[in-house]
Every structure is written in C-alpha cells, then in structure tokens.
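*Asks:* this one's structure only:
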C-alpha cells in the first residue's frame, strides 16, 4: 500500500530526526578507538589461523589417502605374486 504525501512527509521528518540523534552521538575516545582496532585485528588473525588449520588438515588428509592407497596397491601386488620384501 503506497504512502500518502502526508505520510511521506512524516516519515521523512522522523528519519531526519533519527539521523540527527545518531549524528550528535558522542564520538569514541582514543582508548575506545584503539580497542576497536585491536578487536578487528584479532578477528583478522583468528580468521587467518582458522584458514591455516583447515588448509593443513586437508593437506594431511590428502597425504593420508595417498599413503593408504599406496599400502593397498602394495598389499594387492604382494597377494598376486610380486615380491617387494625379502
């Protein structure tokens, strides 16, 4: 349902008042700004750490699969008459 011209004016007035209240809010102190920057930096480092753990874990799983596949091939070859160990 579209707004009437009077409702639009009232909405615009309310939005302007809300913007004034937000704009007049007290800015952060230097300590608060430093804390926010440190919190952001911590989040960035945490994300990088999680990414590194995931990458290393997937790499480990890939190597484990390759080693397992190699063992299965070696076992199959020995079962079919090939001799690798004496």
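*Replies:* Yep, it's here. Please read all numbers here as calculations on a predicted model, not as lab measurements.
*Asks:* low-confidence stretches in the chain?
*Replies:* The chain contains residues with pLDDT under 70 at 1, 22-25, 85-86.
*Asks:* skipping its backbone neighbours, what lies nearest residue 74 in space?
*Replies:* Nearest in space to residue 74, with sequence neighbours left out and distances taken as C-beta to C-beta, 6 or more residues apart in numbering, is residue 84 at 6.5 Å. For every residue, glycine as well, the C-beta is placed using N, CA and C.
*Asks:* tell me the SS of that neighbour?
*Replies:* Put simply, residue 84 is coil when judged by DSSP: H, G, I helix; E, B strand; the rest coil.
*Asks:* which stretches of the protein form helices?
*Replies:* Under the criterion DSSP state H, the chain carries helices at the ranges 5-23, 30-79.
*Asks:* need these in a markdown table with mean neighbour count, can you?
*Replies:* Shown next, in a markdown table, are the helices of the chain (neighbours: other C-beta atoms under 10 Å):
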| stretch | mean neighbour count |
| --- | --- |
| helix 5-23 | 10 |
| helix 30-79 | 10 |
